[in-house]
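Trainee: Sequence first, predicted coordinates after that:
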Amino acid sequence: MIISESILEELLKALPQIRPQLYFKSSLTALSHAMEDQVLAGVDRPLVIASFQRERFYRQEAHRYLRIAERTDQVYVLAAPETDFSERSQDYEMIAFEPADALSQEWHLVVLGEHYASCLICRERRQPDPPANIQDLHVDQSRRFEGIWTFDRQIVCESAELLLTRIQRYRPDLAAKTELMLAKLKTDANEGFNQVDPGPFAERLVTYLQAGQYKLAKAYRSIAEKERKERLINSITAAVRRSLNPHEILQVAVQELGTVLGAGRCLIYRCKSTDETATLEHEFLGSCGYSGSGNARNQPSVSETHSLVGQTWSLQANPIFQEVIQKQEPVYLEDTHVDERSRDQRGLTQNGQIRSWLMVPVLNQNQLLGIVELHYCNAIPHKLERSELEMVEAIVTQIGVALIQAEAYANLEDLNQQLEALDRTRSNLIAITGHELRTPLSTIQVCLESLATEPDMSANLRQVMLNSALTDADRMRKLIQDFLTLSRLESGRIEWRLEPLPLEECVDLALSSLQSHKYNAPLPKITTRLPTELPLVQVDGEWLVEVISKLLNNACKFTDSDGQITIEAHHNDSRMLEVTIADTGRGIEFNRLETVFDRFYQEEGALRRTTGGTGLGLAICRQIIAGWGGRIWAESDGKDRGSQFHFTIPIVQPSPQEKKPVSSRRRKTN
Ligand code: ADP
């Protein structure tokens, strides 16, 4: 049987002077409990009728109704069954109604005793369904009802009558009992009086109010927490989107994380699980109220925590790091003063003023990318909230993504550069085969063809032809050799054998290789002016001789026999030595000072070249010097005013033995 009439509506029809009000579910719960408490605290044997929307709401209160039933035999409980709620007459009368019944929208409680009467007759107001993801207690508490709650005996009697009549329709078997009650109501409504004791009501309502406030405060805290977390994640995600520079991302992350979690220090460093050490790079510094002595009773003074940036920490010797690696999850030491795991790390904890220590791994597919650390540097250990740890973990996931993304980008950049280098090599190869090699090859071909087809050629001419072919073959060999050298240097395939060397030795070797060259005219005068106490240079000797030889060779090629060439060196800063090879030759135009280092650049073009050379010498020199972190450049006052080529190379920081003066330099001329 489904009854669609609402009790509230019937009541309002019967007593049109009543003005219904709006009640939240939490208020109705408080009022209902207060009314029930009044029954339990009083001496009356009242009539109690309670109607629950669903069996589950009744179940929460079932034990109270058992206690109420011990005081009075006039208890009626109505509910829409869900499991085992059925029509029964045991401790009290149970009335089951259809879930589609109008009662399932309503909430009623009627208490009618000799000394007091109160009732609550309400109907739920339909609200739009909340989104599926919000199935929160707070949403349930904000359900709204309209109706009345009153101590007015007339209204209570009217409500009781309506409900008893309804009960008779569901449970005709209770007719005798309910009829008696209905008859009693008629006289009660006119004669009864109310001696309401507000005590239990007020007490109960205050308790509810308090509990409501606590819930509200908790809800605010959790919302604020969520907001904080979301803001933090958003700002880090924004940084990740904005930049592919891992340093920038980590700096933002360290700053935000440290600030939001109120840490004394936050560190992020990149490392692999097998790394021996890690250098601390990214840091946030907060406040520190740590006395340093480990005595919590000392009065700590609040100041900024000091920086650890630049320090190198051992990873393998740190048991906390080991635990993080093994568990692949965060490790927290709430109090480093008592935690055994930090016993061997006293140096670190004291140096870093770390009282509470959180270490979180940044992982990607179980591979360690780095570590995030939070240090709390107060005299009292920090209790880490679960929500704080969850926030750190959420951020660390973002950091992991950012690092992978940045790494992928860097790899791509690297690959791109390699491709560009390959492309350059390919274009060079095309240029060299297309022009630089074709020219001497044609000469060789012409000479050899003439030799083959002209049997009557004079012996002299034959010799000229042969010499010409040999010269061009030699030029081709040098060109290919230089080209291959440059390609190897550009692709970074050269392994430097760096060792401490006296510059003088390399200059001597270059000078002697110069003597073996054939020049068309006598060489200009070469003077070496090296200071007597030059520090050793940290270079690959073979390649340094190559650089000096090429520069000397150029100087000789472009300087007349009566000119001068000087080799000088000076120690211009604590790291580098500057070497200069200057000549008084044909000079270089100002706008060509950089171009001379381009591949295949030759002022007069290879075809008109009388001095020989491949146009690759200076490009090779630049690659070699750059490979050691040095610089090479040309200076000249212009045409026919000489040129100076300067380059810098690293020096060795001398140990006490090496500090001894290097043997005196001789003044050298050719
Ligand atoms: P090359 O084998 O042709 O000498 P380099 O790369 O060594 O190739 O030099 C490139 C060009 O730079 C030379 O062809 C020349 O035009 C110019 N150059 C190099 N050294 C000097 C110098 N000492 N004086 C004037 N010009 C120079």
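Mentor: Yep, that arrived.

Trainee: how about Leu466, what does it touch?
Mentor: Shown in contact with Leu466 (CB atoms under 8 Å, 6 or more residues apart in numbering): 447, 451. (Each C-beta comes from the backbone N, C-alpha and C, glycine too.)

Trainee: mind listing what's buried in the strand or helix carrying it?
Mentor: Assigned by DSSP states H and E, Leu466 belongs to helix 459-490. By neighbour count on 16 or more other CB atoms under 10 Å, the buried set for helix 459-490 is 465, 468-469, 472, 475-476, 479, 482-483, 485-487, 489-490.

Trainee: repeat for stretch 340-348
Mentor: For stretch 340-348, the neighbour count (16+ other CB under 10 Å) marks 342, 345, 348 as buried.

Trainee: that older thread, report whether the helix holding Leu466 contacts the ligand.
Mentor: No. Helix 459-490 stays clear of the ligand (CB under 6 Å from any ligand atom), getting no nearer than 7.7 Å.

Trainee: I'd like to know which elements whichever helix or strand comes after that helix is packed against.
Mentor: Of the helices and strands lying after helix 459-490 in sequence (DSSP H and E), the nearest is strand 499-501. Packing contacts for strand 499-501, counted by 3 or more CB pairs under 8 Å, 6 or more residues apart in numbering; DSSP states H and E, involve strand 537-539, helix 541-557.

Trainee: Which secondary structure elements does the last one sit against?
Mentor: In terms of contacts (3+ CB pairs under 8 Å, 6+ apart), helix 541-557 is packed against strand 499-501, helix 503-515, strand 564-571, strand 576-583, helix 617-627, strand 643-650.

Trainee: which residues touch the second one?
Mentor: Spelled out, it's helix 503-515. For helix 503-515, contacts defined as CB under 8 Å, 6+ apart pick out 523, 526, 528, 530, 534, 537, 539, 541, 544-545, 548-549, 552-553, 556, 567, 569, 577, 579, 662, 665, 668, 670.

Trainee: Can you give me the buried ones in it?
Mentor: For helix 503-515, by 16+ other CB under 10 Å, it's 503-504, 506-511, 514.

Trainee: Likewise for the third one?
Mentor: Along strand 564-571, the positions that meet the burial threshold by neighbour count (16+ other CB under 10 Å) are 564-569.

Trainee: so which of those residues would you say is closest to Ala263?
Mentor: Ala263 lies nearest to Ala569 out of the buried residues of strand 564-571, by CB to CB, at 52.7 Å.

Trainee: For that closest one, give me the pLDDT.
Mentor: In this model, Ala569 is scored at 96, pLDDT.

Trainee: Not counting sequence-adjacent ones, nearest residue to it?
Mentor: In this structure, Ala569 finds its nearest non-sequential neighbour in Val579, 4.7 Å apart by CB to CB, 6 or more residues apart in numbering.

Trainee: ok, the one you found - how many residues close by?
Mentor: By other CB atoms under 10 Å, the residues close to Val579 number 27.

Trainee: was I right about it contacting His646?
Mentor: Yes. With contact defined as CB atoms under 8 Å, Val579 and His646 form a contacting pair (7.1 Å).

Trainee: so how many other residues sit close to Phe52?
Mentor: 24.

Trainee: same question, the one 5 residues further on
Mentor: Using other CB under 10 Å, Phe57 has 16 other residues around it.

Trainee: For the ligand, what's its nearest residue on the stretch 301-450 of the chain.
Mentor: Residue of the stretch 301-450 of the chain nearest the ligand, by CB to the nearest ligand atom: Glu436 (10.8 Å).

Trainee: And the spatially most central residue of the chain, how close does it get to Thr237?
Mentor: Centroid check for the chain by CA atoms, centre = their mean gives Ile399 as the closest residue, at 1.9 Å. As for Ile399, its distance to Thr237 is 11 Å (criterion: CB to CB, to the nearest Å).

Trainee: Isn't Asn364 up against Ile399?
Mentor: No. Using CB under 8 Å, Asn364 is not in contact with Ile399; the gap is 10.1 Å.

Trainee: one step back: of the contacts of helix 503-515, list those near the ligand.
Mentor: When contact is defined as CB under 6 Å from any ligand atom, the contacts of helix 503-515 do not meet the ligand at all.
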